[in-house]
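> sharing a model prediction with you, sequence too.
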Amino acid sequence: MKFKRAFKLMYNGEKIKLPSWGGYWYWDDEKKTVIMHTKEGKEMDIRETERVIYTLSNILDDGWVLADEENCPELGGEATFGFDEAIKYLKRGMKVKRKGWNGKDQYIELATNVSFKTPNDEVINVDHIDMGNKAIAFHGTSGVQLGWLASQSDMLSED
C-alpha cells in the first residue's frame, strides 16, 4: 500500500513496515510523531533520523504492509518478500538472499562499473543501451557469478 494509506492506519494505532524490515513504525500520540522501532529493538523519533534520503525513499515506497506476528521479527514473525521487492532493494544498493538457497551466505547484489579484459589485454567497460554499466552478481560458494539469471522458483517465491 502507499504511505498515505499506511500513515492513516498507523495514526489509528496500527504498526506498519516494509516487507523486508525486521522492525516497524508506529504513531506515538503523546509525542505526536512517528516512532521507528528498529530490528535491534531501539526506538527512535523519525525526526532524529540520520539517513534522511533513505527514510524518504522508504516513505515513497508503495509496498507498505501492516506489521504483525507473522511478518515482523520484532513481533515474533519472519520478514519475507518477493522478487519484485528484491529488485527494489538491489537498486538501492542492498544485498539480497533467498531463505531457500543451499549455500551458506549466498546472496545477490547489483554490480556497477562492469568491465572485462579481452584476450589481447584490452579492458572493455560494459555500457549496454538499456542496462547501462551494471549487472546482478551472485556471490556463491564457488565465487562470484556476474550476470546471474533468476530461475522461475526465484521469481515466484516469497522468501
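Perfect, I can see it now.
> in this protein, mark out all the strands, start to finish.
Per DSSP state E, the chain carries strands over the ranges 16-17, 24-28, 33-37, 43-45, 65-66, 107-112, 115-117, 123-125, 134-140, 143-146.
> now for the last one, which elements pack on it?
Translated: strand 143-146. strand 134-140 (3 or more CB pairs under 8 Å, 6 or more residues apart in numbering; DSSP states H and E). C-beta: built from backbone N, CA, C; applies to glycine.
> quick one: residues in contact with the strand it packs on.
Defining contact as CB atoms under 8 Å, 6 or more residues apart in numbering, one finds that strand 134-140 is touched by 90, 95, 103, 105-112, 114, 126, 144-148.
> ChimeraX command to pick out the buried ones of those residues?
Restricted to buried positions by 16 or more other CB atoms under 10 Å, the ChimeraX selection for those reads:
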select :90,108,109,110,111,114,126,148
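> sorry, back to before: looking at the strands of the chain, which one is packed in the most?
Using mean count of other CB atoms under 10 Å, the stretch among the strands of the chain with the largest mean neighbour count is strand 16-17, at a mean of 25.
> which strands and helices sit next to it?
Short answer (3+ CB pairs under 8 Å, 6+ apart): strand 16-17 packs on helix 3-11, strand 24-28, strand 65-66.
> which of the ones you listed sits closest to residue 73?
strand 24-28 (9.7 Å; CB to CB).
> pLDDT of the closest one, averaged?
Strand 24-28 comes out with an average pLDDT of 98.
> tell me the confidence at the residue sitting furthest away from the middle of the chain?
Here the chain reaches farthest from its C-alpha mean at residue 120, the gap being 39.7 Å by CA atoms, centre = their mean. With respect to pLDDT, residue 120 scores 94.
> dump the strands of the chain to JSON lines, plus distance to residue 80.
Output for the strands of the chain, formatted as JSON lines (distance: least, CB to CB, whole Å):
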{"stretch": "strand 16-17", "distance to residue 80": "12"}
{"stretch": "strand 24-28", "distance to residue 80": "15"}
{"stretch": "strand 33-37", "distance to residue 80": "19"}
{"stretch": "strand 43-45", "distance to residue 80": "24"}
{"stretch": "strand 65-66", "distance to residue 80": "11"}
{"stretch": "strand 107-112", "distance to residue 80": "15"}
{"stretch": "strand 115-117", "distance to residue 80": "35"}
{"stretch": "strand 123-125", "distance to residue 80": "37"}
{"stretch": "strand 134-140", "distance to residue 80": "20"}
{"stretch": "strand 143-146", "distance to residue 80": "24"}
